[in-house]
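requesting a structural model of the entry that follows:
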Amino acid sequence: MKSATYLGFDYGTKRIGVAVGNTVSGSATALDTIVVKNEQPDWTHITRLIEEWQPDALVVGWPIQMDESDNPVTPKAKRFGNRLHGRYQITVHHVDERLSSHMALSEIREAGYNSKRSRGLVDSYAAREILQTFLNGLAGNDKED
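Modelled structure (predicted):
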């Protein structure tokens, strides 16, 4: 498998978590949190991250209910993914993000962060969970070849 870098996004209506990962290490790292105002992401911030990391593709969490039905954020996350592709002409993958925020919050608490400090971390840690799920899927597909 050739080396590839990915940026992962946990879309939210107030904040978007961002993570970076690659196929060499097979791991993702929480990177940043982007502010959303009036349903508009900070595109300047996103552009800066894309220019810095030069990702081969982007991964956006797909927020769905446990019964696989859409929730109120699902169409907004899909629109965000479409806008990423349209603006940057980079392939966008969608990954089931069920429980990613819950897992991120558990990890942050285990690390000893207090709730005030963790508020800003949850989004980027959730993006890491989403991107890690994607990378794990790539590694699994690679083993089958």
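
from here on, contacts and neighbour counts on C-alpha atoms
Noted.

hey, where'd the strands end up in this protein?
Along the chain, counting by DSSP state E, strands occupy 5-10, 15-22, 28-37, 40-41, 57-62, 92-96.

so which of those strands is the most packed in?
Comparing those by mean neighbour count (mean count of other CA atoms under 10 Å), strand 5-10 ranks first with a mean of 28.

tilt between that strand and strand 28-37?
Using axes from the mean of the first three to the mean of the last three CA atoms, to 10 degrees, the inter-axis angle of strand 5-10 relative to strand 28-37 is 50 degrees.

turn the strands of the chain into TSV, including distance to residue 122 and mean pLDDT.
Listed next are the strands of the chain as TSV, based on distance: least, CA to CA, whole Å; pLDDT from 0 to 100:
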stretch	distance to residue 122	mean pLDDT
strand 5-10	10	97
strand 15-22	8	96
strand 28-37	9	94
strand 40-41	17	95
strand 57-62	14	95
strand 92-96	17	92
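
could those strands go into CSV alongside distance to residue 125?
As requested, the strands of the chain are exported to CSV (distance: least, CA to CA, whole Å):
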stretch, distance to residue 125
strand 5-10, 9
strand 15-22, 7
strand 28-37, 5
strand 40-41, 18
strand 57-62, 12
strand 92-96, 15
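
report the beta-bridge partners for the residue nearest to residue 123 when sequence neighbours are not counted.
Distance criterion CA to CA, 6 or more residues apart in numbering; nearest residue to residue 123, sequence neighbours excluded, is residue 17 at 4.1 Å. Beta bridges link residue 17 to residue 10, residue 33, judged by DSSP bridges.

before we move on, the earlier item: quick one: closest of the strands of the chain to residue 138.
Closest of the strands of the chain to residue 138 is strand 15-22, at 10.4 Å (criterion: CA to CA).

can you pull out the residues in contact with the closest one?
3-11, 27-36, 41, 122-128, 131-132, 135 (CA atoms under 8 Å, 6 or more residues apart in numbering).
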